[in-house]
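Asks: here you go, sequence then predicted model.
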Protein chains: 2
Amino acid sequence: MSSAEAEVLAANRSFYEAFARGDLMVIEALWAQHVPVACIHPGWAALHGRDQVLASFRSILGGGSGAGVRCTRPSASVLGEIAYVVCGETIQGAELVATNLFVLEGGEWKLVHHQAGPVHRRAELRSPPTGMLN
Amino acid sequence: MSSAEAEVLAANRSFYEAFARGDLMVIEALWAQHVPVACIHPGWAALHGRDQVLASFRSILGGGSGAGVRCTRPSASVLGEIAYVVCGETIQGAELVATNLFVLEGGEWKLVHHQAGPVHRRAELRSPPTGMLN
């Protein structure tokens, strides 16, 4: 693993740890300031811009408790000053899969975009494609 | 809209048109050759690498007919030689939301990563966050 990949995975870990414990200040600091950001929570339509994105985290974490989310098997790919992470998420027993897009801003990896959606078990798929499900 | 954004949206349109008509050769040509690619189909776990990703499209489109997918309201953000598109998808009456990540490769925008997942209507959400759903 390259040092850049390790840095991206550390930023990704910071995001999930802050999300898990409901730390809005850290989440706010983790989102990029100088590029257009977006976010797609599971089941939601897309949110665009820091105002909408950060308001969504305030709404989700508004009760003062964390989201109880845990990141699993993160995999980082670095493309110059942009990187993306694909990982699993477990939230309250549900299994999700997520994409997190990062940009190098002021020497630190910041979130540009997040999408999470459900993973169905094989039995729930109407037409499971042979060999394609992990 | 910048010319780069227009080019990215044109590549995004090519992807959905090829997916809709089941054109595997165009889909294969649209995926990047020189960076790690990944893909998350709705409900699936993540797929990594060209072999897995292209096999998934062959599996989905194996019957010879297109996927009947339509892209709605695409929005492109260009970050140097990387760009991401957030858009809606409609497939057989289902409403999805997707992220498509592109890289400039040989002067052409190529797909690096695709994630699509379901959008639930307000009534289907257990705790709809006020004002957060489009």
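Replies: Everything's here; your move. Residues are numbered from 1 along each chain as shown, chains lettered A, B, ... in the order given.
Asks: could you use CA atoms for every contact and neighbour count after this?
Replies: Fine.
Asks: so which bits of chain A are right by chain B?
Replies: A:35-36, A:40, A:42-47, A:52, A:55-56, A:59-60, A:77, A:79, A:82, A:86-87, A:97, A:99, A:115-120, A:125, A:129-130, A:132-134 (Cα under 8 Å from any Cα of the partner chain).
Asks: what comes into contact with the helix or strand that A:V8 is a member of?
Replies: Counting by DSSP states H and E, the element that carries A:V8 is helix A:3-21. Applying Cα atoms under 8 Å, 6 or more residues apart in numbering or on different chains, the contact partners of helix A:3-21 are A:24, A:26-27, A:30, A:65-71, A:74-78, A:83, A:85, A:100, A:102, A:109-110.
Asks: buried subset of the residues you listed?
Replies: A:24, A:27, A:30, A:66-67, A:69-71, A:74-78, A:83, A:85, A:100, A:102, A:109-110 (16 or more other Cα atoms under 10 Å in any protein chain shown).
Asks: so which of those are in strands?
Replies: The strands, defined by DSSP state E, take in A:69-71, A:74-78, A:83, A:85, A:100, A:102, A:109-110 from those.
Asks: ok, so of the residues you listed, who is nearest chain B?
Replies: Chain B lies nearest to A:S77 out of these, by Cα to the nearest Cα, at 6.6 Å.
Asks: could you give the bridge partners of that closest one?
Replies: A:S77 forms beta bridges with A:Y84, as assigned by DSSP bridges.
Asks: residue contacts, it?
Replies: By Cα under 8 Å, 6+ apart, A:S77 lies in contact with A:E5, A:A83, A:Y84, A:V85, B:P36.
Asks: again, but for A:L101
Replies: A:L101 sits next to A:I82, A:A83, A:Y84, A:V85, A:L111, A:V112, A:H113, A:H114 when contact means Cα under 8 Å, 6+ apart.
Asks: how about 6 Å then?
Replies: A:A83, A:Y84, A:L111, A:V112, A:H113 (Cα atoms under 6 Å, 6 or more residues apart in numbering or on different chains).
Asks: any chance of those in a markdown table, plus pLDDT?
Replies: Output for the contacts of A:L101, formatted as a markdown table (pLDDT from 0 to 100):
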| residue | pLDDT |
| --- | --- |
| A:A83 | 98 |
| A:Y84 | 98 |
| A:L111 | 98 |
| A:V112 | 98 |
| A:H113 | 98 |
